[in-house]
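Asker: how would this look folded up:
(one chain, ligands or ions: 1)
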Amino acid sequence: MMGARLLGSGSALPKQVVTNAELAARIDTTDEWIVERTGIRQRYIAGDDETTSTLAVDAARAAIADAGIEASSIDLIVVATATPDNTFPATATKVQDALGCNGGVAFDVAAVCSGFLYALATTDSLLRTGMGKRALVIGAETFSRILDWDDRTTCVLFGDGAGAVVLEAPGENDQPGTEGPGIIASKLHADGAQHDLLYVDGGPSTTQTVGHLRMKGREVFRHAVVNLSSVLGEVLEQSGFTADDIDWIVPHQANARILDATARKLGIAPEKVIVTVDQHANTSAASVPLAFDVARRDGRIKSGDLVMFEAMGGGFTWGATLMRI
Ligand code: COA
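Answerer: Numbering: from 1, shown residues only. Take a look at the predicted model:
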């Protein structure tokens, strides 16, 4: 049976753009190094009046408008974020209140850069089992607030933003098979033994501070290509499709070289890979829904297309979802 289907998408970015050249004026780096090693040319950085929840609400409103529904019909909100407004309550409850659809289910998912994939698969399961009828799945981050701006090996890589999708529960009258719209298959993984390769060195229960992002970039890179190509293979096998059947791949936007290497390993043509890392940098849980929304709005991704979403992040956590739009 097909899972939850897409009704609409939306995204939001902070007002301020910061180019590589602007960073190079402040820290020991160059535009050439950043572009060559990562493909990143600029990132958006939240201002004082912008938080994870304000970006999430803006993306959610755009997705609701795109879906052409009333916000009051949303009964399930899942926000994937590693940079919540507060330690608690969940940012999803703030989004719920801002949208005026209080009373349903609202919670956050913490799976860092694969947060949107974790949120998507969890929401699909909840909708399939009747826990809700219409859901908002949001990836929203203000990673600029947990960066060590003196560490050139990490601070050049990340940005802020939010992306959202509205999903509807599968109905009794849905078309059988995999030709109709909906989620076809998802697979999630985690390996807690890799904690020290990508983590934040603070938290309420340890340091009572927010902490800063720490990463062993070269090792993360190596694991990313292996884990992502493996989980994409699993989802294809589970669904009965091949790499050739995929119309678009919407990957987590960490590094253009990871996107290239993963697509090459699976034999997917580079033209089928949606790339926004040059414009947004790595926006963690927001990157997949942001890239998806960009490609839907510019007309590349259309109804009926077979789309593969994938991401990997701290933990490690990683996952993929195949969906007919
Ligand atoms: N500007 C200029 N030089 C920099 C730099 C910067 N911003 N950051 C690092 N360097 C230097 C290093 O100090 C090193 O110098 P050295 O050789 O004199 O020691 C050199 O560049 C190479 O560093 P290295 O870390 O080996 O580069 P790399 O080719 O592995 O690229 C990353 C670094 C971080 C871009 C790359 O490893 C990466 O993208 N990893 C995955 C990150 C990721 O995806 N994280 C998120 C997952 S969710």
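Asker: ok, the closest residue in space to residue 16 that isn't next to it in sequence to residue 35 distance?
Answerer: Spatial nearest neighbour of residue 16, excluding adjacent residues (Cβ to Cβ, 6 or more residues apart in numbering): residue 45 at 5.2 Å. Backbone N, C-alpha and C define where each C-beta goes, glycine included. Between residue 45 and residue 35 the distance is 18 Å, computed by Cβ to Cβ, to the nearest Å.
Asker: Neighbour count for those two, which is higher?
Answerer: Of the pair residue 45 and residue 35, residue 45 is the one with more neighbours under other Cβ atoms under 10 Å, namely 23 against 14.
Asker: Once you drop chain neighbours, what's closest to whichever residue of the stretch 201-325 of the chain sits closest to the ligand?
Answerer: In the stretch 201-325 of the chain, the residue that lies nearest the ligand is residue 217 (2.7 Å; Cβ to the nearest ligand atom). For residue 217, ignoring the flanking residues on the chain, the nearest one in space by Cβ to Cβ, 6+ apart is residue 153 at 6.1 Å.
Asker: count of neighbours near that neighbour?
Answerer: 13.
Asker: same thing with residue 27?
Answerer: 12.
Asker: Quick check: the closest residue to it other than its chain neighbours vs residue 217, distance?
Answerer: Once flanking residues are discounted, residue 27 sits nearest to residue 152: 5.1 Å by Cβ to Cβ, 6+ apart. Distance, residue 152 to residue 217, using Cβ to Cβ: 11 Å.
Asker: Quickly list the domain ranges of the protein.
Answerer: 5-168, 182-324 (automatic domain parsing).
Asker: Out of those, indicate the one that is most buried.
Answerer: For the domains of the chain, the largest average neighbour count (mean count of other Cβ atoms under 10 Å) is found in domain 5-168, namely a mean of 21.
Asker: could you give me the average pLDDT of that one?
Answerer: Mean pLDDT, computed over domain 5-168, is 98.
Asker: now do the same end-to-end measure for it.
Answerer: One end of domain 5-168 to the other measures 5 Å (Cα to Cα, to the nearest Å).
Asker: Same check on stretch 41-48?
Answerer: 23 Å.
Asker: outside of that stretch, which residues touch it?
Answerer: Contacts of stretch 41-48 from elsewhere in the structure, counted by Cβ atoms under 8 Å, 6 or more residues apart in numbering, are 13-20, 31, 34-35, 55, 142, 144-145, 158-161, 278-281, 283.
Asker: Around the ligand, pick out the residues from the chain.
Answerer: Selection of the chain residues close to the ligand by Cβ under 6 Å from any ligand atom yields 29, 33, 37-38, 113, 152-153, 156, 215, 217-218, 220-221, 224, 254-255, 258, 282, 312-313.
Asker: Identify the residue spatially nearest to residue 304, adjacent ones excluded.
Answerer: Distances taken as Cβ to Cβ, 6+ apart put residue 325 closest to residue 304, at 6.6 Å, once the chain neighbours are dropped.
Asker: the strands in the stretch 201-325 of the chain, which residues?
Answerer: 213-215, 248-251, 306-313, 317-324 (DSSP state E, counting those that start in this stretch).
Asker: Dump those strands to TSV, plus distance to residue 75 and mean pLDDT.
Answerer: Below are these laid out as TSV (distance: least, Cβ to Cβ, whole Å; pLDDT from 0 to 100):
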stretch	distance to residue 75	mean pLDDT
strand 213-215	34	98
strand 248-251	26	97
strand 306-313	23	97
strand 317-324	21	98
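Asker: Next, format those strands as a markdown table and append distance to residue 138.
Answerer: Below are the strands of the stretch 201-325 of the chain laid out as a markdown table (distance: least, Cβ to Cβ, whole Å):
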| stretch | distance to residue 138 |
| --- | --- |
| strand 213-215 | 21 |
| strand 248-251 | 16 |
| strand 306-313 | 14 |
| strand 317-324 | 15 |
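Asker: got the CA positions of stretch 308-325 in CSV?
Answerer: This file holds the C-alpha atoms of stretch 308-325, laid out as CSV (Å, rounded to 0.1, in the frame of the first residue of the first chain):
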residue,chain,number,x,y,z
MET,A,308,14.4,9.8,-3.9
PHE,A,309,15.2,11.8,-0.7
GLU,A,310,18.4,11.0,1.2
ALA,A,311,20.5,12.3,4.1
MET,A,312,23.1,11.5,6.6
GLY,A,313,24.0,13.4,9.8
GLY,A,314,25.5,13.3,13.3
GLY,A,315,25.0,10.2,15.4
PHE,A,316,25.6,8.9,12.8
THR,A,317,22.1,8.8,11.5
TRP,A,318,21.1,8.3,7.8
GLY,A,319,18.1,7.4,5.8
ALA,A,320,16.3,7.5,2.4
THR,A,321,12.6,7.7,1.2
LEU,A,322,11.2,7.0,-2.2
MET,A,323,8.1,9.0,-3.1
ARG,A,324,5.8,9.4,-6.1
ILE,A,325,4.9,13.1,-6.3
